[in-house]
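J.: Below are the sequence and a predicted model; questions follow.
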Amino acid sequence: MRTGLVIVASTRAAAGTYPDRSGPLAVEFLRGLGLDTPDARVVADADIPAAVAQALAEGPSVLLTSGGTGVTPDDRTVDTIAPHLDRELPGIVHAFFTRGLESTPTAVISRAVAGLAGRTFVMTLPGSTGGVRDGCAVLAPLLPHLLDQLEGHHDH
């Protein structure tokens, strides 16, 4: 059974200041692809390193993060994920930014990484619902094939 995990980096949502709206979109996307995915884990930005280490230790097929991809000092998600990646997949990030630019000129101010941490596909998405929707739209046709390859199915 393929599994998915979603981590949302939002200090305010973790504190209950407002509800997280991006995490459920990513969770529903992964569930729609047939991945067994629990509800998103919402953590404060400062807790991202521990949350990522815990998630990767669980060995999910896919780990998506939302939030912490900007340029403020609190935005730590990309910096946390990057050292865990054994192989980066910059083409996916390029496609993500290309799609984002279609509707949001500032999309490229965000940072993102995508790649493999062991046998887990990982991608960092912005904290906005639009950014998560764009990321899911880019990943939808790619993830099934990518997961097949990671599982050793090389016949397509």
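T.: That came through fine. Numbering: from 1, shown residues only.
J.: Quick one: low-confidence residue ranges for the chain.
T.: 155-156 (pLDDT under 70).
J.: Need the residue closest to the centroid of it.
T.: Centroid check for the chain by Cα atoms, centre = their mean gives Leu64 as the closest residue, at 2.4 Å.
J.: which SS class is that residue?
T.: Under DSSP: H, G, I helix; E, B strand; the rest coil, Leu64 falls in the strand class.
J.: could you measure it against Met123, distance?
T.: With distances taken as Cβ to Cβ, to the nearest Å, Leu64 is found 6 Å from Met123. For glycine as for every other residue, the C-beta is placed from the backbone atoms N, C-alpha and C.
J.: which residues of the chain fall in helices?
T.: With DSSP state H as the criterion, the chain has helices at 11-14, 22-32, 48-57, 77-81, 90-101, 129-139, 143-150.
J.: what residues do Leu64 and Met123 have in common as contacts?
T.: Each of Gly135 lies in contact with both Leu64 and Met123 under the rule Cβ atoms under 8 Å, 6 or more residues apart in numbering.
J.: Need the helices of the chain in a markdown table (columns: mean neighbour count).
T.: Listed next are the helices of the chain as a markdown table, based on neighbours: other Cβ atoms under 10 Å:
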| stretch | mean neighbour count |
| --- | --- |
| helix 11-14 | 17 |
| helix 22-32 | 21 |
| helix 48-57 | 17 |
| helix 77-81 | 22 |
| helix 90-101 | 16 |
| helix 129-139 | 21 |
| helix 143-150 | 15 |
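J.: Can you lay out those helices as TSV showing distance to Val42?
T.: Below are the helices of the chain laid out as TSV (distance: least, Cβ to Cβ, whole Å):
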stretch	distance to Val42
helix 11-14	5
helix 22-32	6
helix 48-57	9
helix 77-81	13
helix 90-101	22
helix 129-139	14
helix 143-150	23
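J.: how many neighbours does the closest residue to Pro38 other than its chain neighbours have?
T.: Counting by Cβ to Cβ, 6 or more residues apart in numbering, Pro38 lies nearest to Leu5, which is 7.2 Å off, once chain neighbours are set aside. For Leu5, the neighbour count with other Cβ atoms under 10 Å is 28.
J.: I figured Leu5 was touching Ala55, is that so?
T.: Yes - the pair Leu5 and Ala55 passes the contact test of Cβ atoms under 8 Å, sitting 4.8 Å apart.
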